[in-house]
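Turn this into a model:
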Amino acid sequence: MKLAELASILGATCHGDPNQEITGVEGIEKAGPGQLTFLANPKYTPFARTTRAGAVLVTEDFEPIAAATLRTANPYLAFARAIDLFHPAPHYPPGIHPTAVIDPTAVIGADVHIGAYVVIEAGAVIGPGTILLPHVVVYPQARMGRECLAHAHAVVREGCQLGDGVILQNGAVVGSDGFGFAKESDGAWHKIPQSGAVLLGDKVEVQANSCIDRASVGNTEIARGVKIDNLVQVGHGSSVGANTLLCAQVGLAGSSGVGKNVVLAGQVGVVGHSFIGDGVVVTAQSGVPGDVAPGSVISGSPAFEHRAWMRSIAAFRRLPEIAKQVRKKP
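Residues are numbered from 1 along each chain as shown. Got it, this is the predicted structure:
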């Protein structure tokens, strides 16, 4: 693809030979002639000055460099679109594999792809253009919207509802039972029926082996545009606001509330019946013990304001020295 054509598709301004041929994409440290790379993190600026790449996606005000540049307001997003161009997703033509088991009361939309050994149970609804890859199971009365994609071994449990464009990666489980038990007089645990459902908004993605639990009453709700990483646990009756990111191994206890545009970094744990306000960032391995005000950045376990936590950690490292000095004092 010519550099000028690529710039036009990505909405970027071309600085360099417009006829240069671009044949693929690569990271800035490994890219060679004919490949497109990008710079979004200032930490990698030195690599931009020495890269062998055919062209570099940079911000509009980035310094001139030897390589050709495509200048845009958001190089990272433009690079993501470039990957789509050079590595398009597999195409799954409409059709139903002969080994699929589909209840006669299920409703199957137009142009769906249903792979080998898929099971669709009574009263389920599969929207037009949806793709179900091998061994996906859709329980009774579950509903999937238009143009969803469920990878192998994903499960949508009874009564759950998925919006349009939802992606379920391998092994994702939507609507598994919430962890609810009542103690009997003899100490045994009596299972509390989980009668609620899970509701996923449009454009939600649930990645590999993550679980979103149904509640005993009411629903667990994940709003439009939420992205849930691998090995995440969303507890029963929780709610997550639009465009929030739950990174790997995040755990939300039951009835947690998370606002819009929140980022919970890897291994964050959130106590039940708490609410995290809009725009909050919680750094990795933090434990959230209660409500968090909108716009906060917090760290630690128990988590508190990030800058105060950084000062506390700096002081913590000096505790042995401080203790030694205290012991020396008369």
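
Can you tell me the element the closest residue to residue 29 other than its chain neighbours falls in?
Leaving aside its sequence neighbours, residue 29 sits nearest to residue 47 (CB to CB, 6 or more residues apart in numbering; 5.7 Å). The C-beta positions use only the backbone N, C-alpha and C, and glycine is treated the same way. Assessed by DSSP states H and E, residue 47 sits inside helix 45-50.

remind me which residues of the stretch 1-150 of the chain are low pLDDT?
Within the stretch 1-150 of the chain, no stretch falls below the threshold (pLDDT under 70).

Surely the residue nearest to residue 29 is in contact with residue 27?
No. At 9.0 Å, residue 47 does not count as touching residue 27 under the criterion of CB atoms under 8 Å.

if you count what's nearby, which of these two comes out ahead?
residue 47 (17 against 14; other CB atoms under 10 Å).

show me what contacts that one?
28, 29, 39 (CB atoms under 8 Å, 6 or more residues apart in numbering).

need the next SSE after the helix holding residue 47, C-terminal direction.
Heading C-terminal from helix 45-50 (DSSP H and E), you reach strand 55-58.

Direction included, what does the helix or strand following that next one pair up with?
Following strand 55-58 in sequence order, the next helix or strand is strand 68-71 (DSSP H and E). The pairing partners recorded for strand 68-71 under DSSP bridges are strand 13-15 (antiparallel), strand 55-58 (parallel).

buried sites along stretch 238-247?
If you call a residue buried by 16 or more other CB atoms under 10 Å, then stretch 238-247 has these buried ones: 238, 239, 240, 241, 242, 244, 245, 246, 247.

Name the surrounding residues that touch it.
Contact with stretch 238-247 is made by 201, 220-229, 232, 234, 252-266, 268, 278, 284, as judged by CB under 8 Å, 6+ apart.

Show me which of those are buried.
201, 220-229, 232, 234, 252-266, 268.

so of the residues you listed, which ones are in strands?
Of the buried ones among the contacts of stretch 238-247, the ones assigned to strands by DSSP state E are 220, 221, 222, 227, 228, 234, 252, 257, 258, 263, 264.

show me what contacts the third one?
Which is residue 222. Contacts of residue 222 (CB under 8 Å, 6+ apart): 198, 199, 200, 201, 204, 212, 228, 234, 239, 240.
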